[in-house]
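*Asks:* predicted structure and sequence below. I'll ask about it afterward.
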Amino acid sequence: MASLQASFLLPSSRKTITQASIHVPKLPNLRISVPRLPKTSTASLKLIEDLCLNQPLNIIPPTQSPLTSHLHAILDIVADRVEMHNNICQQRDNWNSLLLNSINMITLAASVMAATAPAVGALGAPLLAFKLSSALLFSAATGMLVMVNKIQPSQLAEEQRNAARLFKQLQTQIQTLITVGAPTQRDVDSAMEKVLALDKAYPLPLLGVMLEKFPKKLEPASWWPNSSHSDESKTENENSHFDGNQRQGSNGWSDQLEAEMREVVEVVKTKDAQDYVRLGNIVLKVNKTLAISGPLLTGIAALGSAFVGDWSSGGMVVAAAAGSLAAAVNALEHGGQIGMVFEMYRNSAGFFGVMEESIRGTLEETDWEKRENGQVFERKVALKLGRSLSQLRQLAAKSSAARQEGISMDEFASKLF
């Protein structure tokens, strides 16, 4: 009975369990189809493996013609020439700066010693040491000036700059020939002749083959092979001018374009080339005068320093004044790079010469189909002169009108220089 009562009084031993359920939506069934590789038999796999491992692929380069190989060989030489001339240009430009500074320092130091020698001697110091040192320094400056004025380092550097630029042009021309393809034996021979002509026009050594730095008169630079054109063909149709009767054009050429090119040649020859020759001769005379004056002044200063403090102050004045003037002359000649200016004029005159010969040589070819395309040639000439096509045609028309009226042309062909 007691047990029954206890069972009613105690709480129930059962625990209420709450069940929670999470409902996840069902994903749709996706079917992805993967393409199947074709079945390969074991024998086929074995064959492919043997081919890949035991027999590597041999890629055969396209066969080059012998003439293309010759052009590649010339191209390598031209690239080497460019590097050589650039290096030597830097070397000779350094010569100009270093020798200019050294000679001026020596000259000015000797001038100061000659000027202060009497005052130092009056204090009891040995005067002979100052006199001897000043004379030796002036003598050394004289010898160095003679050498530097003979070789003209600034002019040598400008020669190498021009050579490097022209070799780069030749390098581009050869690369174009190789790219276009189908070179001829004439192309190979022409490239070879151009390399040799440039070597002759701008030699690298100083002894024996150095260009004359003080010629009697300026001769335009010539860096292209000599052409063998007949004089008759050069003078043919030289007086032609623009008219209304024109043949129909072929390969970009016409009678009007031929007449235009002849007028351009006439302006280049009579105006631009002659003007640069005239300016070059003026610079040549100035350079000759400065080249003689510098060593002459240092020589006078060396003699004057030998008489410092003997009878009067005349030797001191002569030595100091001549030494100072020599330093000024040297700075003007080599600091102003007069030799470089002369070479620039010489090369510019040569530029107009090669343009004249190029146009005349093209016009001498009577078969228009064998020439370079006339429109391309006209554009090249215009760009070389720094003009547009319309400006080039206006120049030709103006030259023709001036020649018919018997008056001189008042305009230069080039707008670049």
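*Replies:* On my side now, so go ahead. Residues are numbered from 1 along each chain as shown.

*Asks:* all contacts plus neighbour counts: C-alpha atoms, from now on.
*Replies:* Fine.

*Asks:* for the residue nearest to the spatial centre of the chain, what are its contacts?
*Replies:* When the chain is reduced to its mean C-alpha position, the closest residue under C-alpha atoms, centre = their mean turns out to be residue 165, at 3.1 Å. Counting by C-alpha atoms under 8 Å, 6 or more residues apart in numbering, residue 165 makes contact with residue 82.

*Asks:* can you tell me the helix or strand for it?
*Replies:* Under the assignment given by DSSP states H and E, the secondary-structure element containing residue 165 is helix 153-180.

*Asks:* average pLDDT for the host helix or strand of residue 375, rounded please.
*Replies:* With elements taken from DSSP H and E, the one containing residue 375 is helix 374-384. Summarised as a single mean, pLDDT over helix 374-384 is 92.

*Asks:* for the nearest residue to residue 250 once chain neighbours are set aside, give me the pLDDT.
*Replies:* Closest residue to residue 250 apart from its sequence neighbours, by C-alpha to C-alpha, 6 or more residues apart in numbering: residue 368 at 6.4 Å. Residue-level confidence at residue 368 comes out at 86, pLDDT.

*Asks:* so where's this structure shaky on pLDDT?
*Replies:* Applying pLDDT under 70 to the predicted model, the residue ranges of the chain that meet it are 1-64, 120-126, 227-249, 309-313.

*Asks:* and residue 287, how far is that from residue 280?
*Replies:* Using C-alpha to C-alpha, to the nearest Å, one obtains 10 Å as the distance from residue 287 to residue 280.

*Asks:* picking up where we left off before, ok, residues contacting the helix holding residue 375?
*Replies:* So helix 374-384 is in contact with 251-253, 257, 261, 388-389, 392, 414, going by C-alpha under 8 Å, 6+ apart.

*Asks:* same thing but at 7 Å, please
*Replies:* Under the contact criterion C-alpha atoms under 7 Å, 6 or more residues apart in numbering, helix 374-384 has outside partners 251-253, 388-389, 392.

*Asks:* got the angle for the helix or strand where residue 342 lies vs helix 153-180?
*Replies:* Mapping residue 342 onto the secondary structure by DSSP H and E places it in helix 338-364. Between the direction of helix 338-364 and that of helix 153-180, the angle (axes from the mean of the first three to the mean of the last three C-alpha atoms, to 10 degrees) works out to 30 degrees.

*Asks:* tell me where the stretch 151-300 of the chain has helices.
*Replies:* 153-180, 185-201, 231-235, 255-267, 274-306 (DSSP state H, counting those that start in this stretch).

*Asks:* in a markdown table: these, plus distance to residue 72.
*Replies:* What follows is those, written out as a markdown table (distance: least, C-alpha to C-alpha, whole Å):
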| stretch | distance to residue 72 |
| --- | --- |
| helix 153-180 | 8 |
| helix 185-201 | 10 |
| helix 231-235 | 35 |
| helix 255-267 | 34 |
| helix 274-306 | 37 |
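
*Asks:* list the buried ones in stretch 376-393?
*Replies:* Residues of stretch 376-393 classed as buried under the neighbour-count rule (16 or more other C-alpha atoms under 10 Å) are 377-378, 381-382, 385-387, 389, 392-393.

*Asks:* what of stretch 92-109?
*Replies:* In stretch 92-109, counting by 16+ other C-alpha under 10 Å, buried: 92-93, 95-96, 99-101, 103-104, 106-109.
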